[in-house]
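Participant: sequence first, then the predicted structure:
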Amino acid sequence: MIYKNVPMVSKVVFGRGSFSQLPEILSPLRLNSNAPFLFIADKVFQGNSYLTSRVPLAYRDEILYVSVDDEPTTYKIDEITEDIILRFPQKPSAIIGIGGGSVLDIAKAVSIMLTNPGNAESYLGIGLVKNAPIYHIGIPTLSGTGAEVSNKSVLIGGDGKSSIVSEYITFDQVILDPELIQNVPHHQWFFSAADCFIQSVESEAGHYSNALSISHAREAMKGLENILQADIDSESQQEQLMLGSWHSGLSALHSNNGICRALSFGLIDVLGLKHAISNCIVFNALSDYFPEKVEEFKQMMLIHNIDLPQNLSSNLSDSEIKRMAKISINYQDYWKNAFGNSWKTKFSLDDIIKLYNKM
């Protein structure tokens, strides 16, 4: 038996208002006055004094705002990395990501590319990163993906959506402040929480799961079931969502994603859907595989008045659906986790196309 040696975030601060401790966390990390702290933040915070006024800036420090209207690409990572190299005389003292899962993935990837040669696309895969990254810190303002604790940066590149997967990519420090997620729009909040719920379901049920991954998945689902079946305004529910994302991410580290995530990547590539919404669309069609959990998910949508897009495949050509299936089937680790090493005897391209036709 070979066991996974899983990288972990070495330092974590949790608590309401903990974002205000950022100056004291950063202070001992500064290398010199020419080595800046670079804050990669979601563009929605530009001009938002509630958050930006509390970002400590000195010397050459700067906030780099990024748009996540579209899924992050390897090209975007290369663009940001090149801009940093050209504009700053020394490598940063630290990269600090402030935002949802996509922003955190961008921060992780940039920290890697500042110390590794070539372009980001050449590092898509497992264990390809050779050099330790710039010290990097994650501060989630939207919880659900588990990006704050994962060992991957999910990007669009090559033949579709893929990941840089490395022990180096895990954040060195994470600040979990539930206050930062209190103003998230309702629909965005739901899809993020539902994505977290779905990831926990797949992780627990997977062939790669073990007692440790199952314990994290169940802890995540317990909190998520509570908050997805009620209103979302209380402080305790904000904390539960942030903890749910953390536990779900840890569960996936020790296990893996499954059929839902594999099928979702096909939808994202062809239709340009956002990650969390795509996962919800797919999961809603998987009652043959997770009957109880899918029914529970449908009840959650009713409670929160969520209408998912329907009959997506009816507007797609045969070639587009076939492309989705080809992309999906390439995520062999996800299929193995869902159905075991013999998964190819159970699923062909035609079988996957039939699943897409249900969506």
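Facilitator: Good, I have the coordinates. Numbering: from 1, shown residues only.
Participant: pLDDT on stretch 81-97, on average?
Facilitator: Averaged across stretch 81-97, pLDDT comes to 97.
Participant: what's the end-to-end length of that stretch?
Facilitator: 14 Å (Cα to Cα, to the nearest Å).
Participant: quick one: contacts of it?
Facilitator: 22, 26, 29-32, 34-41, 60, 64, 103-104, 106-108, 110-111, 113-115, 120, 134-139 (Cβ atoms under 8 Å, 6 or more residues apart in numbering). (C-beta placed from N, C-alpha, C; glycine too.)
Participant: and those residues, which of them are buried?
Facilitator: 22, 26, 29-30, 35-41, 60, 64, 103-104, 106-108, 110-111, 113-114, 120, 134-139 (16 or more other Cβ atoms under 10 Å).
Participant: among those, which lie within strands?
Facilitator: Per DSSP state E, strands hold the following members of the buried ones among the contacts of stretch 81-97: 37, 38, 39, 40, 41, 64, 136, 137, 138, 139.
Participant: taking those, tell me the two that lie furthest apart.
Facilitator: Within these, 64 and 138 form the most distant pair, 15.1 Å apart (Cβ to Cβ).
Participant: so what's residue 120 up against?
Facilitator: 74, 75, 77, 78, 81, 109, 112, 113, 155, 157, 164.
Participant: for residue 78, same thing?
Facilitator: Taking Cβ under 8 Å, 6+ apart as the test, what residue 78 contacts is 113, 119, 120.
Participant: low-scoring stretches of the stretch 151-300 of the chain, by residue?
Facilitator: 159-161, 230-233 (pLDDT under 70).
Participant: can you map out the helices along it?
Facilitator: All helices of the stretch 151-300 of the chain, identified by DSSP state H, counting those that start in this stretch, fall at 186-205, 211-228, 235-254, 259-271, 275-283, 291-303.
Participant: and the closest residue to residue 245 other than its chain neighbours, how many residues sit next to it?
Facilitator: In space, and not counting its chain neighbours, residue 245 is closest to residue 143: 3.9 Å by Cβ to Cβ, 6 or more residues apart in numbering. Per other Cβ atoms under 10 Å, the neighbour tally for residue 143 reads 30.
Participant: same thing with residue 45?
Facilitator: 20.
Participant: equivalent analysis for residue 130, please.
Facilitator: 11.
Participant: I figured it hits residue 116, correct?
Facilitator: Yes. Here residue 130 reaches residue 116: they are 6.4 Å apart, a contact under Cβ atoms under 8 Å.
Participant: so which bits of stretch 292-305 are buried?
Facilitator: Under 16+ other Cβ under 10 Å, the buried positions of stretch 292-305 are 293, 294, 296, 297, 300, 301, 304.
Participant: okay, the residues you listed in CSV with distance to residue 87 next?
Facilitator: As requested, the buried residues of stretch 292-305 are arranged in CSV below (distance: Cβ to Cβ, whole Å):
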residue, distance to residue 87
293, 48
294, 49
296, 49
297, 46
300, 46
301, 46
304, 44
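Participant: which of these sits closest to residue 349?
Facilitator: residue 294 (23.7 Å).
Participant: tell me how many other residues crowd the closest residue to that closest one other than its chain neighbours.
Facilitator: Closest residue to residue 294 apart from its sequence neighbours, by Cβ to Cβ, 6+ apart: residue 287 at 4.3 Å. Residue 287 sits with 15 neighbouring residues when counted by other Cβ under 10 Å.
Participant: thank you, goodbye.
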